[in-house]
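Quick one, structure for this:
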Amino acid sequence: MKTTDARKLRSEQLTDLRRRGVSAIHEGEAPAKVAKVLGVGVSTVFGWLARYREGGWDALKANRRGGRKPRLDAVKLKWVYDTITMKDPQQLKFPFALWTSRMVGDMISRQFGIRLSKASVCRLLNQMGLSPQKPLWRAFQKDPVRVQKWLEEEYPMIRDEAKRRGAEIYFGDEAGVRSDHHAGTTWAVRGKTPVVQTTGARFSLNLVSAVSPQGQMRFMTVKGTVDAKVFIEFLGRLLFNASRPVFLIVDGHPTHRSRAVSKFVASTHGMLQMFFLPGYSPELNPDEQVWNDLKNNGLGRKSIAGPDKLRAEVMSYMRSLQKRPSRIRSFFKTPDTLYAAA
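Now for the predicted structure:
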């Protein structure tokens, strides 16, 4: 769009300008950007949105007079937009870190005394160019050449050696779950992935697990950090009653490469061998899907009252997951983990 001075426009041109501005916002353009490009103030743009909400496209006609005063005027709409796009719900004393339509409705009611139905809230958010999206929580850097070598050379060699020796392949990993973890979608600017910032650790629980392409899973909860001693304990559990060798694939965390762990592996006389994934490539580890499943489906939308409740919920979900080998096998069928499927 070209920069335009709205003050110099005729009635027909101003009507067209308003419609272009509202259309751009519907498509996900930020109101501030639309205002700058069209040569008007941000409050003016939100005023157009308020008119549109009450009367549709006809309400944007420049020569139109009168009409019902919008319940949510320009000032209120701007406040709602800024709050959703710039604040964490927890800053407004909500218990959940992601914006839901119900929470937005509660917020509007709390702030302005205006009650909207869920459908009306969703319509409002869409009209402001917002859409429900999964937030971006983390990003990783990796060496694509190293990853390609793993996929084309290293892992095929591990798989062939395991087949020759009759060994079981497991992928292992550690993770922590927190009482303030939230999963789902949050309303945000369309086309712009939101980033959720969490503050104030409450209570947590660490775990270690390992999964096989055949759908087996072993896990262990941990009080405190997963150091070499704890990891060795898990390795012992992994080998307990093992009738054939175990090939365990993990990331290159210092704990996994520690002298104590190497000494323990050597003491198994070949019953346990460890291999290491390329750096910064967690997506290659099917065991990462265990944590995604636990956090998003097991804990993400539950209220955790205390450490004992957290541990009980984790144990219950993980034990139920152990009984679902088909679900575990599905962790090996994502685009990034399919290479390791049985």
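
How about the contacts made by L284?
The neighbourhood of L284, defined by C-beta atoms under 8 Å, 6 or more residues apart in numbering, consists of 147, 150-151, 277-278, 336-337, 339-340. Where you see a C-beta, it was placed from the backbone N, CA and C, and this is true even at glycine.

likewise A62?
Under the criterion of C-beta under 8 Å, 6+ apart, the neighbours of A62 are 11-12, 14-15, 18.

In CSV, list these along with neighbour count and distance to V177.
Conversion of the contacts of A62 to CSV gives the following (neighbours: other C-beta atoms under 10 Å; distance: C-beta to C-beta, whole Å):
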residue, neighbour count, distance to V177
S11, 11, 60
E12, 11, 60
L14, 19, 55
T15, 18, 55
R18, 26, 49
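
In JSON lines: those residues, plus pLDDT and secondary structure.
JSON lines is the format used below for those (pLDDT from 0 to 100; DSSP: H, G, I helix; E, B strand; the rest coil):
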{"residue": "S11", "pLDDT": "83", "secondary structure": "helix"}
{"residue": "E12", "pLDDT": "87", "secondary structure": "helix"}
{"residue": "L14", "pLDDT": "88", "secondary structure": "helix"}
{"residue": "T15", "pLDDT": "90", "secondary structure": "helix"}
{"residue": "R18", "pLDDT": "91", "secondary structure": "helix"}
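
Just put those in a markdown table and tack on distance to R115.
Formatted as a markdown table, the contacts of A62 follow (distance: C-beta to C-beta, whole Å):
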| residue | distance to R115 |
| --- | --- |
| S11 | 36 |
| E12 | 38 |
| L14 | 34 |
| T15 | 32 |
| R18 | 28 |
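
still on that earlier bit, now the buried members of the contacts of L284.
When the contacts of L284 are checked for burial by 16 or more other C-beta atoms under 10 Å, the buried set is 147, 150, 277-278, 336-337, 340.

From the residues you listed, which land in helices?
When DSSP state H defines the helices, the subset of those inside them is V147.

from the buried ones among the contacts of L284, which is closest to A162?
Comparing those against A162 with C-beta to C-beta places A340 closest, at 11.3 Å.

So that closest one sits against P213, correct?
Yes - taking contacts as C-beta atoms under 8 Å, A340 lies within contact range of P213: 6.1 Å.

Pull up the overlap in contacts between those two.
Taking C-beta under 8 Å, 6+ apart as the contact rule, A340 and P213 both touch 169, 286, 332.

The last one should be in a strand, yeah?
Yep, that's F332 we're talking about. No - with the criterion set as DSSP: H, G, I helix; E, B strand; the rest coil, the secondary structure at F332 is coil rather than a strand.

for it, what are its contacts?
F332 sits next to 211, 213, 286, 338, 340-342 when contact means C-beta under 8 Å, 6+ apart.

So in this protein, which strand runs the longest?
Residue-count comparison of every strand in the chain, with assignments taken from DSSP state E, identifies strand 168-178 as the longest.

Tell me the buried residues in that one?
Buried-residue list, strand 168-178, by 16+ other C-beta under 10 Å: 168-175, 177-178.

Alpha carbons of it, in PDB - could you do that?
Output for strand 168-178, consisting of C-alpha atoms alone and laid out as PDB, is shown next (Å, rounded to 0.1, in the frame of the first residue of the first chain):
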ATOM      1  CA  GLU A 168      17.700 -53.900  21.200                       C
ATOM      2  CA  ILE A 169      18.000 -50.300  20.200                       C
ATOM      3  CA  TYR A 170      16.700 -47.600  22.600                       C
ATOM      4  CA  PHE A 171      16.700 -43.800  22.400                       C
ATOM      5  CA  GLY A 172      17.000 -42.100  25.700                       C
ATOM      6  CA  ASP A 173      16.600 -38.600  27.100                       C
ATOM      7  CA  GLU A 174      16.100 -36.600  30.300                       C
ATOM      8  CA  ALA A 175      13.500 -33.900  30.800                       C
ATOM      9  CA  GLY A 176      11.900 -31.800  33.500                       C
ATOM     10  CA  VAL A 177       8.200 -31.100  34.000                       C
ATOM     11  CA  ARG A 178       7.000 -28.000  35.800                       C
END
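
Can you list the strands that it pairs with?
Strand 168-178 has the following strand partners under DSSP bridges: strand 204-211 (antiparallel), strand 246-250 (parallel).

Mind putting the buried ones among the contacts of L284 into JSON lines with distance to T221?
Below are those laid out as JSON lines (distance: C-beta to C-beta, whole Å):
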{"residue": "V147", "distance to T221": "31"}
{"residue": "W150", "distance to T221": "30"}
{"residue": "L277", "distance to T221": "23"}
{"residue": "P278", "distance to T221": "28"}
{"residue": "D336", "distance to T221": "27"}
{"residue": "T337", "distance to T221": "24"}
{"residue": "A340", "distance to T221": "25"}
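
Kind regards, and thank you for your time.
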